[in-house]
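Novice: What follows is a predicted structure for the sequence shown.
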Amino acid sequence: MNLNKAMIVGRITNDLQLKTTESGREVLSFSVATNRNWKDQSGQKQERTDFHNVVAWANTAKTIAEYMVKGQEILVEGRLETRDYEKEGQKHYRTEIVLDRFEFGAKPQGSTNAPKAQPDAKMDASGGVVFPTEEINPDDIPF
């Protein structure tokens with residue numbers, strides 16, 4: 001039996017920049033930081049932060065880039081994939097979590113970033129998005 005699954009909950013470490021490949025597919029690469037705390041043998045509190053590379057494709061990439069911000073918590077679930085590339089004559093390796101599923105987490109404290117409005121979205125006097133009041137059909141949600 002084989003299993004290749006990674007699941008982490010952490011905070012997005014960089015501003016999200018959606019890119020498009022030459023073939024026209026959207027791709028989003030970003031990093032997620034996770035923290036681990038423990039006490040060493042002498043009872044001193046220790047902390048370690050690990051950084052994980054994440055890649056999202058297509059509609060998932062667009063959704064994350066539109067609604068999430070640097071510092072926001074995110075649950076990431078996907079498969080580990082290592083790719084190699086050459087830079088300045090040296091071979092490099094990069095291990096990434098290729099996203100299958102994600103969940104929104106808490107925004108960073110003090111964040112005023114709201115979702116970016118769609119071109120046809122209605123805005124109130126303060127510039128905020130006016131959300132519809134009618135019931136939402138889950139089948140109409142694109143993700």
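Specialist: Looks like it arrived, so ask away. Residues are numbered from 1 along each chain as shown.

Novice: My guess is residue 72 contacts residue 102. True?
Specialist: No - counting by C-beta atoms under 8 Å, residue 72 does not reach residue 102; the two are 11.1 Å apart. The way it works is simple: take the backbone N, C-alpha and C, and place the C-beta from them, glycine included.

Novice: mind checking how far the residue with the largest distance to the centre of the chain is from residue 73?
Specialist: The outermost residue of the chain relative to its centre, with distances by C-alpha atoms, centre = their mean, is residue 42 at 36.8 Å. In this structure, residue 42 and residue 73 are 32 Å apart, going by C-beta to C-beta, to the nearest Å.

Novice: re earlier: give me the element the residue farthest from the centre of the chain is part of.
Specialist: Secondary structure assignment for residue 42, by DSSP states H and E: no helix or strand.

Novice: now do the one 4 residues further on
Specialist: Taking DSSP H and E as the definition, one finds residue 46 inside strand 45-57.

Novice: Give me the helices and strands touching that strand, please.
Specialist: Applying 3 or more C-beta pairs under 8 Å, 6 or more residues apart in numbering; DSSP states H and E, one finds that strand 45-57 contacts strand 6-12, strand 26-39, strand 73-87, strand 90-104.

Novice: Neighbouring strands - and their directions - for whichever helix or strand comes after the shortest one?
Specialist: Per DSSP H and E, strand 6-12 leads on to strand 19-20 as the next helix or strand towards the C-terminus. With DSSP bridges as the criterion, the sheet partners recorded for strand 19-20 are strand 26-39 (antiparallel).

Novice: what's the angle from the partner strand to strand 73-87?
Specialist: Relative orientation of strand 26-39 versus strand 73-87 (axes from the mean of the first three to the mean of the last three C-alpha atoms, to 10 degrees): 110 degrees.
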